[in-house]
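>>> Whatever this is, show me its structure:
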Amino acid sequence: MKIRLLLLLFPLFIQAQNDSIKIEKPNLSLIGLNKLNIVYKGIPNPFSVNVKETKPFKIKGEGVIQNTDGSYAIQPKFGKEAKVWVEIQTSDSTKVIEEHLFRVKELPYAALLVNQKGCINGDCIIEMPSKELAKAEITVKLIDFLLDYKITVTGFRLHLSNANGDFLDSFEVKGNKIPEDIYQAIIANDNATFIVIHKFTFASDLSLSIVKTPMVKIKRILEKK
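Numbers count the residues shown, from 1 in each chain. Next comes the predicted model:
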């Protein structure tokens, strides 16, 4: 995931004699983080910095991280706003400090999907023909998440229940698809009205943890024989 923070230093005209000038509102920089200038709490939000004519600069701010490869990220922990300060050394040895303000958002809810069908909060039931469960793909979607991301389901639990909600059987699955042998076990059980998929594991390019594990409940539609 690449999020670019672009800083362009324009010609600076200063009449004051001080060698350090603090600019409360950035008017010498153009920032390209995202359209709403949003960062997410609890994860590193990567950004890159480029100053025109390679002027020397320093980046400061609470939660700002400089990685060993020289790249930057900001990982806010508290509050509704995050600030990044860019300290730029101009050609006439004037130091300019620019302040950039970002809105901090909580990580969004995650939805567990089966063949791209599911519920935001996991409280609803989706209906699905039995044949659609064959090699059905399990995915995760972050609701209203503004940044690019990759999340791959690496395993999940599937259990069966009857129309009254009584437990019938349970399966541990590796990977992100319902395998053929489990699909055959589902269609062979005429009492299996509901299929619940939950307790999934995943791999992601975000340093991400999902506090409330989502689930998806499927009502099986029996095809006419």
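>>> Could you use CA atoms for every contact and neighbour count after this?
Fine.
>>> Return stretch 164-173 as PDB; C-alpha atoms alone will do.
Output of stretch 164-173 as PDB, limited to C-alpha atoms (Å, rounded to 0.1, in the frame of the first residue of the first chain):
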ATOM      1  CA  ASN A 164     -34.300 -24.700  15.000                       C
ATOM      2  CA  GLY A 165     -30.700 -23.700  15.400                       C
ATOM      3  CA  ASP A 166     -29.500 -27.000  16.800                       C
ATOM      4  CA  PHE A 167     -25.800 -27.800  16.100                       C
ATOM      5  CA  LEU A 168     -25.200 -30.600  13.600                       C
ATOM      6  CA  ASP A 169     -21.600 -30.500  12.600                       C
ATOM      7  CA  SER A 170     -18.500 -28.400  12.400                       C
ATOM      8  CA  PHE A 171     -15.500 -28.100  10.000                       C
ATOM      9  CA  GLU A 172     -12.100 -26.400  10.200                       C
ATOM     10  CA  VAL A 173     -11.100 -25.100   6.700                       C
END
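>>> Not counting it itself, show me its contacts.
Stretch 164-173 has contacts (C-alpha atoms under 8 Å, 6 or more residues apart in numbering) with Gly155, Phe156, Arg157, Leu158, His159, Leu160, Ser161, Asn162, Pro179, Ile182, Ala192, Phe194.
>>> Going by contacts, tell me the helices and strands next to the helix or strand the first one falls within.
Following DSSP states H and E, the helix or strand that holds Gly155 is strand 151-161. Based on contacts counted as 3 or more C-alpha pairs under 8 Å, 6 or more residues apart in numbering; DSSP states H and E, the elements that strand 151-161 packs against are strand 138-142, strand 167-174, strand 194-204.
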